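# need a 3D model of the following:
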Amino acid sequence: MSIVVENLTKTYGKQNAVDHISFKINSGEIVGFLGPNGAGKTTTMKILTCYLPPTSGKAFVNDLDVEEKSIEVRRQIGYLPEHNPLYTDMYVKEYLMFAASVYHLPNKVQRVNEMIALTGLEVEQRKKIGQLSKGYRQRVGLAQAMIHDPSVLILDEPTSGLDPNQIVEIRNLIINIGKHKTVLLSTHIMQEVEAMCSHVMIVNKGRIVANGKPSELKQQFSAGASLQVTFNAVLNDYQLQKLSEYGTVTHIGGSTYSIISQSDDEKLKSSTFQFAVDNGLMLTEMKLIEHSLEDIFKNVTQ
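Prediction:
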């Protein structure tokens, strides 16, 4: 296991920012850490990176206790906080050389050149950081986080504030990095999680309320069935009333309707087909509507 958290708690006064959470992350996973603002994500990440001590409980990175072995843990972790702290008056290559010196790397020049190539900073490496776009600043932050070749990367909102093109660039970079490292990242962009993450944890009010693979969570939290159907004609009031006996019907447009039912998929499809036969209608399209990760997020955090 790369990360193990056991009954972790962080208290500020009477408020539990992190409330007795436990989880494990396997080596080589990209894990999405989701939750509304103030849910405890950043606090948990700061404990794992040794920026904050826990009030109680334990956390381990590569079998190292974050309290007892904090220096060793920091050598194992690369951290990109939400507000990327960069020295904007330094040149890109100069800054990465400085970061390499902090870690006392013996092959500083070679390692800096490797990070510049990996993060796509070749064209920008001779510019001051303050002259870079936010997307390239995030690349510099990622290069700095990986300069010492950590086995675990913790990324807090790595695509926050980026435009769509920059988001795709950083996403592809993280996916590439995740082939060789364990990545824990927080984000509010559900599409990013579905595109990048093999595992998802959702936290709310300091507690983990969902934990599993995206496909598992969709199955676990998606009660009943949702169907989108298109008939060869618009339903009249009587037909609409009869169809509503199978579930909640919404007129999407034209002769297309959605049906949300408490029954299972096969039963809803069979009932809808029989409805069409009984009412002299033809089904021109029928498809199941899969619940999205965003639907699940709303379900467990509201």
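# helix/strand/coil for the residue nearest the centre of the chain?
By CA atoms, centre = their mean, the chain has its centre lying nearest to residue 32, at 3.1 Å. Classification of residue 32 using DSSP: H, G, I helix; E, B strand; the rest coil returns strand.
# pretty sure it contacts residue 187?
Yes: with contact defined as CB atoms under 8 Å, residue 32 counts as touching residue 187 (6.6 Å). No exception for glycine: its C-beta is placed from N, CA and C like everyone else's.
# shared neighbours of those two, anything?
Taking CB atoms under 8 Å, 6 or more residues apart in numbering as the contact rule, residue 32 and residue 187 both touch residue 193.
# pairing partners for the residue nearest to the centre of the chain in the sheet, please.
residue 185, residue 200 (DSSP bridges).
# could you report the pLDDT at it?
According to the prediction, residue 32 has pLDDT 94.
# who touches it in this structure?
By CB under 8 Å, 6+ apart, the contact set of residue 32 is 185-187, 192-193, 196-197, 199-201.
# out of those, which one has the lowest pLDDT?
Lowest pLDDT among the contacts of residue 32: residue 192, 83.
# which parts of the protein are helices?
41-48, 70-76, 92-102, 108-118, 134-146, 164-177, 190-196, 214-221, 237-243, 265-278, 293-301 (DSSP state H).
# comparing the ones you listed, which yields the minimum mean pLDDT?
Across these, helix 214-221 gives the lowest mean pLDDT, at a mean of 76.
# helices and strands around it, which ones?
strand 199-204, strand 207-212, helix 293-301 (3 or more CB pairs under 8 Å, 6 or more residues apart in numbering; DSSP states H and E).
# let me have these in TSV, adding mean neighbour count and distance to residue 73 as columns.
TSV is the format used below for the helices and strands packed on helix 214-221 (neighbours: other CB atoms under 10 Å; distance: least, CB to CB, whole Å):
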stretch	mean neighbour count	distance to residue 73
strand 199-204	23	20
strand 207-212	18	22
helix 293-301	17	30
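# make TSV from these and add distance to residue 167 to it.
Shown next, in TSV, are the helices and strands packed on helix 214-221 (distance: least, CB to CB, whole Å):
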stretch	distance to residue 167
strand 199-204	18
strand 207-212	24
helix 293-301	16
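# between those, which one is nearest to residue 20?
Closest approach to residue 20 among the helices and strands packed on helix 214-221 is made by strand 207-212 (7.3 Å; CB to CB).
# the inter-axis angle of the closest one versus helix 41-48?
80 degrees (axes from the mean of the first three to the mean of the last three CA atoms, to 10 degrees).
# render the CA-only coordinates of strand 207-212 in PDB, please.
Taking Å, rounded to 0.1, in the frame of the first residue of the first chain, the C-alpha atoms of strand 207-212 are listed here in PDB:
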ATOM      1  CA  ARG A 207     -16.300  11.900   6.700                       C
ATOM      2  CA  ILE A 208     -15.900   9.500   3.700                       C
ATOM      3  CA  VAL A 209     -19.400   8.900   2.300                       C
ATOM      4  CA  ALA A 210     -18.400   6.900  -0.800                       C
ATOM      5  CA  ASN A 211     -15.400   4.900  -1.700                       C
ATOM      6  CA  GLY A 212     -14.800   2.600  -4.700                       C
END
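# residues contacting it, please?
19-23, 40, 199-203, 217, 220-221, 296, 300-301.
# let's see it at 6 Å
19, 21, 201-202, 217, 300 (CB atoms under 6 Å, 6 or more residues apart in numbering).
# out of those residues, which is nearest to residue 147?
The closest of the contacts of strand 207-212, once distances to residue 147 are taken by CB to CB, is residue 201, at 27.3 Å.
# what sits against the closest one?
33, 208, 211.
# centre of the chain to stretch 98-115, how far?
30 Å (CA atoms, centre = their mean, to the nearest Å).
# fine by me, thanks again.
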